[in-house]
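Undergrad: Let me see the structure of the following:
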Amino acid sequence: MNNNNNNKRNNNRDGNRNQRNQLPLMNNAIRYPSFVLIDENSTNLGELVRAEALRIGEQRGLDVVIISPNAKPPIAKLMDYGRYLYDQKRKKRQSKKKQTVIRVKEVNVKPTIGSHDLSWRAENAKRWLDEGFHIKFTVKAFNRMITRDEIINKLFQSFMGMIGDSGEIGKEFSRIASNMYEAMIVPNKNRKSVKATTRIDESNNHTEGGSSDAKNEN
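TA: This next block holds a predicted model:
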């Protein structure tokens, strides 16, 4: 029990030490006798002695933060470090929100697959594409089929024909190994707009039909 508690305390100390080591040198922790100071407006104030730079930071209510410790002389910048950390975290969160997660389903077939089985796989692929998945289509050839490129290419074309307008080629079908071919199929970007257009056309047709019926009644 005591050993576990000691390990936890040691881990906490190590974590706190690592966190401190990641922080930049700032304010009174700076030990350089002099360094170049950049103000909050990115104006170069020149090389200043430590005491003068800290005095300017205190007067302006800003932190003096070393941003280039390996430069000769080192370079520091005036900033609100707490605000800077907040802005960096906010930008990181926004960047994560903008990242698109690509979901991939795999379809693996042999060159000798029957048309019924290929059609069944195509139906699954169409459903996945409509749900936003990307499809990795892989053909593994064996024995004499390895050299039958025309059969393998025809197989891929047949598969794409079965998918129809649900998907389009994101990465061209090509040989990736001595006996393996691969393509990436992505959802058709125009498919949603096509569906929307169809619905609008059907709505317009219904309205026109209704008007026509009303005229006939009169």
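
Undergrad: list the contacts for the residue nearest to Asn44 when sequence neighbours are not counted?
TA: Nearest residue to Asn44, sequence neighbours excluded (CB to CB, 6 or more residues apart in numbering): Ile38, at 5.7 Å. No exception for glycine: its C-beta is placed from N, CA and C like everyone else's. Listed by CB atoms under 8 Å, 6 or more residues apart in numbering, the contact set of Ile38 reads Asn44, Leu45, Ile67, Ile75, Ala76, Lys77, Leu78.

Undergrad: go on, Gly164?
TA: Lys126.

Undergrad: Can you pull the phi and psi angles for it?
TA: Torsion angles at Gly164 (phi, psi; degrees, to the nearest 10) stand at phi 70, psi -140.

Undergrad: how about low-confidence regions in this protein?
TA: Low-confidence segments of the chain, defined by pLDDT under 70: 1-21, 191-218.

Undergrad: How is it divided into domains?
TA: 27-84, 104-187 (the TED database).

Undergrad: Kindly reformat those domains as TSV containing distance to Ser95.
TA: TSV is the format used below for the domains of the chain (distance: least, CB to CB, whole Å):
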stretch	distance to Ser95
domain 27-84	16
domain 104-187	21
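
Undergrad: Figure out which of the ones you listed is closest to Arg90.
TA: domain 27-84 (10.4 Å; CB to CB).

Undergrad: For that closest one, measure first residue to last.
TA: With CA to CA, to the nearest Å as the measure, domain 27-84 spans 15 Å from end to end.

Undergrad: Next: stretch 31-50.
TA: 8 Å.

Undergrad: Now do the strands in the protein.
TA: 34-38, 44-49, 63-68, 75-79, 104-109, 134-140, 167-177, 180-187 (DSSP state E).

Undergrad: So which of those strands is the most surrounded?
TA: Mean neighbours per residue, mean count of other CB atoms under 10 Å, is largest over the strands of the chain for strand 75-79, with a mean of 22.

Undergrad: Which strands and helices lie in contact with that one?
TA: strand 34-38, helix 50-60, strand 63-68 (3 or more CB pairs under 8 Å, 6 or more residues apart in numbering; DSSP states H and E).

Undergrad: Touching the second one from outside, list them.
TA: I take that to be helix 50-60. By CB under 8 Å, 6+ apart, helix 50-60 touches 27-28, 30-35, 37, 39-40, 45, 48, 63-64, 76, 78.

Undergrad: Tell me how far the residue nearest to Asn44 lies from Gly57.
TA: 12 Å (CB to CB, to the nearest Å).

Undergrad: try Ile185
TA: For Ile185 relative to Gly57 (CB to CB), the value is 58 Å.

Undergrad: try Val101
TA: Relative to Gly57, and taking CB to CB, Val101 is found at 43 Å.

Undergrad: Can you lay out the strands of the chain as TSV showing distance to Trp120?
TA: As requested, the strands of the chain are exported to TSV (distance: least, CB to CB, whole Å):
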stretch	distance to Trp120
strand 34-38	65
strand 44-49	69
strand 63-68	60
strand 75-79	61
strand 104-109	10
strand 134-140	14
strand 167-177	16
strand 180-187	16
